[in-house]
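Trainee: Provide a 3D model corresponding to the input given below.
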Amino acid sequence: EIKKLTEGLNYTEGFLKSVQKKLSNERFVSNAPDQVVASEKKKEADALAKIETLKASLASLN
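Mentor: Residues are numbered from 1 along each chain as shown. Now for the predicted structure:
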């Protein structure tokens, strides 16, 4: 279970980095439609929430 949670955490952190990289690119933010930018911001928020949940689950197992 710990291995599964750790893998999920690593994947989600990688995903979050890619989303944040997009959002930090001014050209992407200024040229993309508002709904696409909003979608990326939602993905970022969801990933952050999932990371917190996974960290809490890992902490409870350790």
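Trainee: Now the strand or helix carrying residue 58: buried residues?
Mentor: In this assignment (DSSP states H and E), residue 58 forms part of helix 34-61. Across helix 34-61, burial judged by 16 or more other CB atoms under 10 Å covers 37, 40, 43, 44, 47, 50, 51, 54, 57. The way it works is simple: take the backbone N, C-alpha and C, and place the C-beta from them, glycine included.
Trainee: pLDDT score assigned to the third one?
Mentor: It stands for residue 43. Model confidence at residue 43, given as pLDDT, is 98.
Trainee: Apart from its neighbours in sequence, what residue is nearest residue 43?
Mentor: Sequence neighbours aside, residue 19 is the residue nearest to residue 43 in space, at 5.0 Å (criterion: CB to CB, 6 or more residues apart in numbering).
Trainee: what does residue 55 give?
Mentor: In space, and not counting its chain neighbours, residue 55 is closest to residue 9: 6.8 Å by CB to CB, 6+ apart.
Trainee: neighbouring contacts of the helix or strand harbouring residue 30?
Mentor: Assessed by DSSP H and E, residue 30 sits inside helix 26-31. If you take CB atoms under 8 Å, 6 or more residues apart in numbering as the criterion, helix 26-31 is touched by 22, 23, 37.
Trainee: switch the cut-off to 6 Å
Mentor: 22, 37 (CB atoms under 6 Å, 6 or more residues apart in numbering).
Trainee: from what I can see the residue nearest to residue 55 touches residue 52, true?
Mentor: No. Residue 9 is beyond contact range of residue 52, at 10.2 Å (criterion: CB atoms under 6 Å).
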